[in-house]
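Asker: requesting a structural model of the entry that follows:
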Amino acid sequence: MDADDFSAVLSEVRRFVRERVVPVEAEIDEKDEMPADIREAAKKMGLFGFALPEEYGGLGLSMYEEARLMFELGYTTPSLRSMFGTNNGIAGHVLMVGGTQEQKARWLPRIASGDVLASFALTEPEAGSDPSTLTTRAHRDGDEWVINGAKRYITNAPLADVFMVFARTDPDAPRTRGISTFLVPAGTPGLTVAPRDHKMGQFGAWTADVFFDDVRVPADALVGGEEHGLNRGFGTAMGCIAHGRVHISALMVGMAERLVDESVAYASTRRQSGKPIGSFQLVQGLIADSQTDYYAGRATVLEAARRFDSGEDTKLGPSCTKYFASEMVWRVADRAVQVHGGAGYMRGVAVERFYRDARLFRIYEGTSQVQQVIIAKALLGEAARG
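Answerer: Predicted coordinates for the structure are as follows:
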């Protein structure tokens, strides 16, 4: 995107986040629901398709530009980003990376506009950090595929219009080679979405289990078609998740900036012993550590995004930045509560809410421990296998 146009987009998003979303954060948290006017405003701004190609109605941002946009979106409740994150990220990228031209033309314009909300149905009750062990199956029956299985913690499932469903199509193949992806519209007979989950945090972002009981879809629902998509879903998923790791890392950096700002504001105004608590050196130390963490996280994400765009590193870098950023924002959130003292433990105070929200980042898009394994194996090669 032209630099001036991109600067205008960043400015508009910054105003939207700080003037319209930040004032209703507590309401979103309390009601566990995103206001309809916020959703509509996000659609008009093109936020449902910022990472999708311009030819399909998106903004076509690079990973580097996307990271900078996520810094702005991360300044508020992560449920805002979650509302359109799957369209831009792991769900939309399934079609970008693996879809046929017909599938892209049919679905991507509506996904980019926000008229269609897409969900990425990969995780299962016994296949989370290692999705290659998934047990949902699909078998061919004439001109249709029949899908059976269950998915867990699927973001936007209660609202989704279409699901990108990963299922095992060759039970005899090595576990990473016998998986395919299917486009399954909501409302397809046999597809059931459970009531939404009750989570620790990130209220306003809905997740739920999804069940498939003899769900029938036509042959052309196979993402990529027979020639390019059959039994290649695992590779597609991993590519989408790598992009998502950089994406979500940038969100964490935005949250860290907000937490530092909240800590500075509170330490500047809260008085103890007749003076601001910011005059106490141990409080200063907490804030200095958080600012340093934020600064390092921002630099790490931008470097990972740059190398992702160039193709230099689309695996190790995303895992490194996701691991660092998720642990970093958790430390910053913990210090923010500490700076606020008792007030930081009270509902209705922003840092208490962000503390709950931040905990999930060390789990989804691959846990911190999974990132450690990926990083170590990439560096050690055969030595890591003993």
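
Asker: what segments of the stretch 151-300 of the chain are strands?
Answerer: Listed in chain order, the strands of the stretch 151-300 of the chain (DSSP state E, counting those that start in this stretch) span 162-168, 179-185, 191-193, 207-218, 271-272, 275-276.

Asker: please identify the buried residues of the fourth one?
Answerer: Buried residues in strand 207-218, counted by 16 or more other C-beta atoms under 10 Å: Thr207, Ala208, Asp209, Val210, Phe212, Val215, Arg216, Val217. Every residue, glycine included, has its C-beta placed from N, CA and C.

Asker: could I get the contacting residues of the residue nearest to the spatial centre of the chain?
Answerer: Nearest to the mean C-alpha position of the chain, by C-alpha atoms, centre = their mean, lies Ile248 at 5.1 Å. When contacts are counted by C-beta atoms under 8 Å, 6 or more residues apart in numbering, Ile248 is found next to Met70, Gly85, Lys322, Ala325, Phe361, Tyr364, Glu365.

Asker: what is the burial count for the last one?
Answerer: It refers to Glu365. Applying other C-beta atoms under 10 Å, we find 23 residues neighbouring Glu365.

Asker: quick check: pLDDT value at it.
Answerer: Looking at Glu365, its pLDDT stands at 89.

Asker: that older thread, quick one: the residue nearest to the centre of the chain from Gly366, how far?
Answerer: 10 Å (C-beta to C-beta, to the nearest Å).

Asker: common neighbours of the two, please.
Answerer: Common neighbours of Ile248 and Gly366, counting by C-beta under 8 Å, 6+ apart, are Lys322.

Asker: can you add distance to Ala138 and give the strands of the stretch 151-300 of the chain back as JSON lines?
Answerer: JSON lines is the format used below for the strands of the stretch 151-300 of the chain (distance: least, C-beta to C-beta, whole Å):
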{"stretch": "strand 162-168", "distance to Ala138": "4"}
{"stretch": "strand 179-185", "distance to Ala138": "6"}
{"stretch": "strand 191-193", "distance to Ala138": "13"}
{"stretch": "strand 207-218", "distance to Ala138": "8"}
{"stretch": "strand 271-272", "distance to Ala138": "62"}
{"stretch": "strand 275-276", "distance to Ala138": "62"}
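
Asker: quick revisit: which one of the contacts of Ile248 sits in the busiest neighbourhood?
Answerer: Of all those, Lys322 has the most neighbours under the rule other C-beta under 10 Å, reaching 33 neighbours.

Asker: tell me if that residue really is in a helix.
Answerer: Yes. Counting by DSSP: H, G, I helix; E, B strand; the rest coil, Lys322 is located in a helix.

Asker: could you find the closest non-adjacent residue to it?
Answerer: Nearest residue to Lys322 in three dimensions, chain neighbours excluded: Arg245, at 3.9 Å (C-beta to C-beta, 6 or more residues apart in numbering).

Asker: and the pLDDT at the one you found?
Answerer: Reported pLDDT for Arg245: 96.

Asker: enumerate every residue touching it.
Answerer: Per C-beta under 8 Å, 6+ apart, neighbours of Arg245: Pro318, Ser319, Thr321, Lys322, Glu365, Gly366.

Asker: swap in Ser368?
Answerer: Tyr323, Ser326, Glu327, Arg362.

Asker: tell me who's in contact with the residue lying closest to the first one once chain neighbours are set aside.
Answerer: So that's Tyr323. Closest residue to Tyr323 apart from its sequence neighbours, by C-beta to C-beta, 6+ apart: Gln371 at 3.7 Å. Going by C-beta under 8 Å, 6+ apart, Gln371 touches Ser319, Cys320, Lys322, Tyr323.

Asker: name the element Gln371 belongs to?
Answerer: Per DSSP states H and E: Gln371 is located in helix 368-380.

Asker: give me the buried positions along that helix.
Answerer: Residues Val370, Gln371, Ile374, Ile375 are the ones in helix 368-380 that count as buried (16+ other C-beta under 10 Å).

Asker: what's the closest of those residues to Ala350?
Answerer: Of all the buried residues of helix 368-380, Gln371 has the smallest distance to Ala350: 27.7 Å, by C-beta to C-beta.

Asker: you'd agree Leu191 is up against Phe211?
Answerer: Yes. With contact defined as C-beta atoms under 8 Å, Leu191 counts as touching Phe211 (7.4 Å).

Asker: ok, the residue nearest to Tyr323 to Tyr364 distance?
Answerer: In terms of C-beta to C-beta, Gln371 sits 12 Å off from Tyr364.

Asker: cool, Glu257 as well?
Answerer: Taken as C-beta to C-beta, the span from Glu257 to Tyr364 is 21 Å.

Asker: any chance you could map the helices in this protein?
Answerer: 3-15, 25-31, 36-44, 63-73, 78-88, 92-98, 101-113, 225-229, 233-269, 281-310, 316-340, 350-359, 368-380 (DSSP state H).

Asker: just send these back as TSV, with distance to Asp172 too.
Answerer: Below are the helices of the chain laid out as TSV (distance: least, C-beta to C-beta, whole Å):
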stretch	distance to Asp172
helix 3-15	48
helix 25-31	47
helix 36-44	45
helix 63-73	37
helix 78-88	32
helix 92-98	22
helix 101-113	27
helix 225-229	18
helix 233-269	15
helix 281-310	35
helix 316-340	30
helix 350-359	40
helix 368-380	26
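
Asker: looking at those helices, which is closest to Asp141?
Answerer: Of all the helices of the chain, helix 225-229 comes closest under C-beta to C-beta, at 14.7 Å.

Asker: coming back round to it: separation between the residue nearest to Tyr323 and Gly49?
Answerer: 28 Å.

Asker: do the same with Ala383
Answerer: Distance check for Ala383 against Gly49: by C-beta to C-beta, it reads 43 Å.

Asker: run the chain-centre distance for stretch 104-121.
Answerer: The chain centre lies 16 Å from the centre of stretch 104-121; the measure is C-alpha atoms, centre = their mean, to the nearest Å.
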